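Q: Here you go, sequence then predicted model.
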Amino acid sequence: DVKVTQSSRYLVKRTGEKVFLECVQDMDHENMFWYRQDPGLGLRLIYFSYDVKMKEKGDIPEGYSVSREKKERFSLILESASTNQTSMYLCASSRPLLSYNEQFFGPGTRLTVL
Amino acid sequence: SQKIEQNSEALNIQEGKTATLTCNYTNYSPAYLQWYRQDPGRGPVFLLLIRENEKEKRKERLKVTFDTTLKQSLFHITASQPADSATYLCALPYNQGGKLIFGQGTELSVKP
């Protein structure tokens, strides 16, 4: 059974802290994504990686960075957490241009920044 | 810029009826369209894909249509059940490399 896992389901951090969100997939997928989901705004792409060490900014990259040192792992980093980064964070993976890019999502991490 | 619109209001229907959800898009000619289901507090789960040259696709009680002239997809759930209650998202490919743009989703509630 294919799987995307995220390191935490719930996380509470303080303003200014450095936050790491980890995502691991076991499907040998090339593409990995980080989204945030907020009520009324839907899913918004933060960053995208199409290969190890390769990354591309999404629609809302400000305040975030990413790391992909291994194919199966894609990390989202909040360098200095702020209250407006309180959100549901979703990781996804897919094969490029096969299966018409169906994306497999993790369970999400609900991050609260106080 | 590319835009996707789904019914923002929740859809409430009676068990056994057919639910119909709408996805409209503008400034775009996608090669395919996808539908996902999302339960509260969970990640979306892929349901169906329909290509631009397909008018209709079925999977069990699900049916999707794709009208490239109207720039619209309709998602139908026949003989709906309370277990179908969830938020349904449509998604289109954009730019290159496998990225998708998602609609905001429509919340469906099926009452027994």
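A: Great, that's in hand.
Q: show me the contacts for the nearest residue to A:K18 once chain neighbours are set aside.
A: In space, A:K18 comes closest to A:E79 once its chain neighbours are excluded; the distance is 6.0 Å by CB to CB, 6 or more residues apart in numbering or on different chains. Where C-beta positions appear, they are placed from N, C-alpha and C, glycine not excepted. For A:E79, the contacting residues are A:18, A:63-65, taking CB atoms under 8 Å, 6 or more residues apart in numbering or on different chains as the criterion.
Q: For chain A, what's the nearest residue on chain B?
A: Nearest to chain A, among the residues of chain B, is B:G43, at 3.1 Å (CB to the nearest CB).
Q: Contact partners for that residue?
A: A:4, A:90, A:92, A:105-108.
Q: wait, doesn't B:A10 sit right on B:L108?
A: Yes: B:A10 is within contact range of B:L108, at 7.3 Å (criterion: CB atoms under 8 Å).
Q: Look at residue 108 and say how many residues are nearby.
A: Defaulting to chain A. The local packing count at A:G108 equals 23, with neighbours defined by other CB atoms under 10 Å in any protein chain shown.
Q: try chain B instead
A: The tally of other residues near B:L108 (other CB under 10 Å) stands at 22.
Q: Alongside chain B, which residues does chain A contribute?
A: When proximity is defined as CB under 8 Å from any CB of the partner chain, chain A approaches chain B at A:4, A:31, A:33, A:40-43, A:45, A:48, A:50, A:56, A:58, A:90, A:92, A:94-97, A:100-108, A:110.
Q: Buried only: go through these for me.
A: Judged by neighbour count, with 16 or more other CB atoms under 10 Å in any protein chain shown as the criterion, the buried members of those are A:4, A:31, A:33, A:42-43, A:45, A:48, A:50, A:56, A:58, A:90, A:92, A:94-95, A:100-108, A:110.
Q: so where's chain B uncertain?
A: For chain B, applying pLDDT under 70 flags the ranges B:96-97.
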